[in-house]
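[1] would you be able to build a 3D model of this:
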Amino acid sequence: MKDRFPLMTDAGERRLRWLTEHPHAPRFTHPGCERLDAQALQSLRAFERELGIAPRWAHGEIPMWLEDFVARGCRDVPFYRRQGLPTASFFDLPTTERADLNREPWSFVPDTQLLDGLLVYNTSGATGHPLSVLSQPETVAKYMPLLRAALATRGVTLEGGPERVAVILVCFQKWTFTYAAVSAFLDQAGFAKLNLYPAEWRNPDDRAAFLDDCDPEVYTGDPYAFAELARLPLRARPKALVSTAMALHPGLRQKLEARFACPVLDVYSMNESGPIAAENPRSHTKEHEREYRFLQPKLYVEILDPDGAPCPPGTRGEITLSGGFNPFLPLLRYRTGDYASLEFRADGPVLVGLEGRPIVTFRTRDGRPLNNVDVNWALRPFPIAQYALHQAADGSLTLRVRGSSVGEATLREALLRLFGPDQPLAIELDAPLASTTDKLVSYTSELA
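    Predicted structure coming up:
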């Protein structure tokens, strides 16, 4: 095992064997690994100390570290060098997007970057465009201090230690990689990625038995997996649930907090950048005012209009990133496809009204325009993991729902109050939607 876990101690090896040989353990599909050496672990500790520095910048300005970052990118990164950079102003630099990275991920790797330990993470989801993210073991391991930083915003401490399982990442898919590991950063604590899909276990009842015996400090996952987790007869109570990968519906959050008696954090994260921001729990009152506090001190965030110009504070636009902690993917004005506004508080900038896609305008039965924020509010009270609403050219609606215990009649009543009592509406429960590994397009319309 030492080849896969160079820093694993005897206590860590006992914990790993306990996870993999447990009588109720699932069928793991991948041999876990954490190829960190002592120098990489020291780098992780330093990175965690940096996370205590709150990101700060003013509108129309860039932080000092970004000037050197741009200069190195223009010099060392083939993709940026081809753009003819630099220019007189950071805000005149061309933007990049997912299609650029999808087409040639290797051209974002700096010439000076050693390829030792190169990892390639492949993902494809709702857009149908596969994406390869190049990385290394140290970069992957930095998710753990970022998780700690997100938990700290809610007063939760991730302690670790060889006598416990610190984190379990849950999925609910027909198939995905699953594995058990130990974390040197968390003092040999156990970690596991599990698939709650019943076919991945010898007996469906093994899921609750194994999870209760693990008794993890924290569960991470997406809302769809958490909806399944809430159905299991679990007795153990985690310190927190951390939701990523897709928007967390307020009704589901309330159900999860009541079910597990712990905070449920919504973290905005991307494969390209890692965790970006954690929701401020004091901003739950209004959907369009939910605030997200940034986690990475060296990730600069802009809000751009469709022409690439910076939006004024409080104006909604596309979230655009520069910086990051992955040396194989230095981001420079990377358009995310996600939308929010940026506001500046006394203690730093915040994202407000985060939405995975631009606002979509629907039409009611009598022809009135209706945007998706109103649909958000109509469906907000219900514990729904994932849904998509589409309006066809003839005005008819189709609502597809996954991970919900709400009946069709209740959902129909809520939408007809918005669109009109004679609105044609088809509802599909437990319908196939987008992959949980990528953004879901929740709202689409064929109407202008």
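
[2] my guess is Ser445 meets Val360, correct?
    Yes - with contact defined as CB atoms under 8 Å, Ser445 counts as touching Val360 (5.4 Å). (Glycine included, C-beta is placed from N, CA and C.)

[3] how many neighbouring residues does Leu118 have?
    Leu118 has 13 neighbours, counted by other CB atoms under 10 Å.

[4] so what's it up against?
    Shown in contact with Leu118 (CB atoms under 8 Å, 6 or more residues apart in numbering): Leu134, Ser135, Gln136, Phe328.

[5] pick out the most distant pair among the residues you listed.
    Leu134 and Gln136 (8.2 Å; CB to CB).

[6] shared neighbours of the two, anything?
    Leu118, Leu119, Phe328.

[7] going by neighbour count, list what's buried in the strand or helix carrying Gly337.
    Using DSSP states H and E, Gly337 sits in strand 331-345. Neighbour counts using 16 or more other CB atoms under 10 Å place Leu331, Leu332, Arg333, Tyr334, Arg335, Thr336, Asp338, Tyr339, Ala340, Ser341, Leu342, Glu343 of strand 331-345 among the buried residues.

[8] again with stretch 251-261
    Neighbour-count burial for stretch 251-261 [16+ other CB under 10 Å]: Gly251, Leu252, Arg253, Gln254, Lys255, Leu256, Arg259, Phe260.

[9] go on, stretch 363-377?
    Arg363, Leu370, Asn372, Val375, Asn376.

[10] now, which of those sits nearest Ala385?
    For the buried residues of stretch 363-377, the nearest to Ala385 is Asn376 (14.9 Å; CB to CB).

[11] so how far is the host helix or strand of the closest one off the chain centroid?
    Assigned by DSSP H and E, Asn376 belongs to helix 372-379. Relative to its chain's centre, helix 372-379 lies at 22 Å (CA atoms, centre = their mean, to the nearest Å).

[12] pick out the most distant pair among the buried residues of strand 331-345.
    Leu332 and Glu343 (23.8 Å).

[13] low-confidence ranges in this protein?
    86-87, 123-130, 283-288, 356-359, 373, 433-440, 448 (pLDDT under 70).

[14] show me the contact partners of the helix holding Asn376.
    Under the contact criterion CB under 8 Å, 6+ apart, helix 372-379 has outside partners 249, 251, 287-288, 355, 359-362, 387, 389, 411, 414-415, 417-418, 442-443.

[15] out of those residues, list just those in helices.
    Gly251, Leu411, Ala414, Leu415, Arg417, Leu418 (DSSP state H).

[16] which one (most neighbours) among these?
    Leu411 (21 neighbours).

[17] how close does it sit to Pro432?
    Per CB to CB, to the nearest Å, Leu411 is found 18 Å from Pro432.

[18] likewise for Glu34?
    With CB to CB as the criterion, Glu34 and Pro432 are 34 Å apart.

[19] please say which of the two ends up with more neighbours.
    Glu34 (22 against 8).

[20] quick one: the strands in the stretch 1-150 of the chain?
    For the stretch 1-150 of the chain, the strands defined by DSSP state E, counting those that start in this stretch occupy 119-123, 131-135.

[21] now do the first one against strand 131-135, angle only.
    When you say that, I think you mean strand 119-123. 160 degrees (axes from the mean of the first three to the mean of the last three CA atoms, to 10 degrees).

[22] between the contacts of Leu118, which sits nearest Cys171?
    Ser135 (19.6 Å).

[23] isn't that closest one right up against Leu119?
    Yes - using CB under 8 Å, Ser135 makes contact with Leu119 at a distance of 4.7 Å.

[24] now stretch 65-76, how far from the chain's geometric center?
    For stretch 65-76, the distance to the chain centre is 27 Å (CA atoms, centre = their mean).

[25] tell me the buried residues in it?
    Neighbour count says stretch 65-76 has Leu66, Phe69, Val70, Gly73, Cys74 buried, by 16+ other CB under 10 Å.

[26] can I assume Glu232 is in contact with Asp206?
    Not Glu; residue 232 is Leu. No - with contact defined as CB under 8 Å, Leu232 does not reach Asp206; the gap is 10.6 Å.

[27] follow-up on the earlier one: counting contacts, what elements does the strand holding Gly337 pack onto?
    Applying 3 or more CB pairs under 8 Å, 6 or more residues apart in numbering; DSSP states H and E, one finds that strand 331-345 makes contact with helix 64-76, helix 98-103, strand 299-304, strand 317-323, strand 348-355.

[28] and the closest residue to Gln386 other than its chain neighbours, how far is that from Ala309?
    Distance criterion CB to CB, 6 or more residues apart in numbering; nearest residue to Gln386, sequence neighbours excluded, is Arg402 at 4.5 Å. In this view, Arg402 and Ala309 are 37 Å apart by CB to CB.

[29] before we move on, what about Leu119?
    Counting by CB to CB - Leu119 and Ala309 are separated by 36 Å.

[30] repeat for Pro297
    26 Å.

[31] for these two, indicate the residue with more neighbours.
    Taking other CB under 10 Å, Pro297 and Ala309 do not tie; Pro297 has more neighbours (18 against 11).

[32] in helices, which of the buried residues of stretch 251-261 appear?
    Per DSSP H, the subset of these in helices is Gly251, Leu252, Arg253, Gln254, Lys255, Leu256, Arg259, Phe260.

[33] out of these, which is nearest to Arg27?
    Distances from Arg27 to these, taken by CB to CB, are shortest for Phe260, at 25.9 Å.
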